[in-house]
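K.L.:
sequence and predicted structure below; questions after.
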Amino acid sequence: MHIKIDDLSSPAVIALLQEHLDDMYATSPAESVHALDLNELKKSNITFFSAWRDDTLLGCIAIKQLCPNHAEIKSMRTAKHARGSGVASRLLQHTIKLAIDKAYLSLSLETGTQEYFYAARNLYLKFGFNICGPFADYQEDPHSTFMTLQLNTVA
């Protein structure tokens, strides 16, 4: 698997992100969907990565700088054909390493509370993320789970 910084121009990446948005809106009330669209993912404070095997897209993830010492994971998605093959773990490891290399102190995320997000929440817990309160501009929401990883505790 090859993980690279992506310019969000590939039709496969655009389709995966649209699938991600469609699922978020099908699963959560609109006011509780915090997934970013293509234009928002192109902002200068976001680095977007895609994972490939040869010419096949496996998944994606983005990291958004919130302030000089805090970043957020956005748009993590594994392609349906690649689920259960470790893609999400590899993308998450890549992003945690990047956050450490950039000297962030914490890496946070928002995910859903519904059953649909169970596997995602478990993955984040496996990597040492802890449930926390809202961060950045988020507000308490019964449909959101907020999680954070203190990077100074990661070996």
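P.N.:
Sure thing, it's come through. Residues are numbered from 1 along each chain as shown.
K.L.:
what helices and strands are in contact with the host helix or strand of residue 39?
P.N.:
Using DSSP states H and E, residue 39 falls within helix 38-41. Using 3 or more C-beta pairs under 8 Å, 6 or more residues apart in numbering; DSSP states H and E as the contact criterion, the elements in contact with helix 38-41 are helix 11-27. Just so you know, the C-beta spots here come from the backbone N, C-alpha and C atoms, and that holds for glycine as well.
K.L.:
list of residues touching the helix it packs on?
P.N.:
Surrounding helix 11-27, the residues in contact under the criterion C-beta atoms under 8 Å, 6 or more residues apart in numbering are 6, 8, 33, 35, 37-38, 41, 50, 57, 59-60, 75, 77, 79, 112, 114, 116-117.
K.L.:
how about stretch 142-155?
P.N.:
The list of residues contacting stretch 142-155 from outside it, by C-beta under 8 Å, 6+ apart, reads 28-29, 32, 34, 96, 99-100, 104-114, 117, 121, 124-125, 127-135, 138.
K.L.:
swap in 7 Å and give it another go.
P.N.:
Applying C-beta atoms under 7 Å, 6 or more residues apart in numbering, the set of residues contacting stretch 142-155 from outside is 28-29, 32, 96, 99-100, 104-113, 121, 124, 127-135, 138.
K.L.:
and stretch 58-65, by the same measure?
P.N.:
For stretch 58-65, contacts defined as C-beta under 7 Å, 6+ apart pick out 1, 13, 16, 41, 45-52, 71-79, 82, 87-88, 91, 95, 98-99.
K.L.:
tell me how many other residues crowd residue 153.
P.N.:
Using other C-beta atoms under 10 Å as the criterion, residue 153 is surrounded by 8 other residues.
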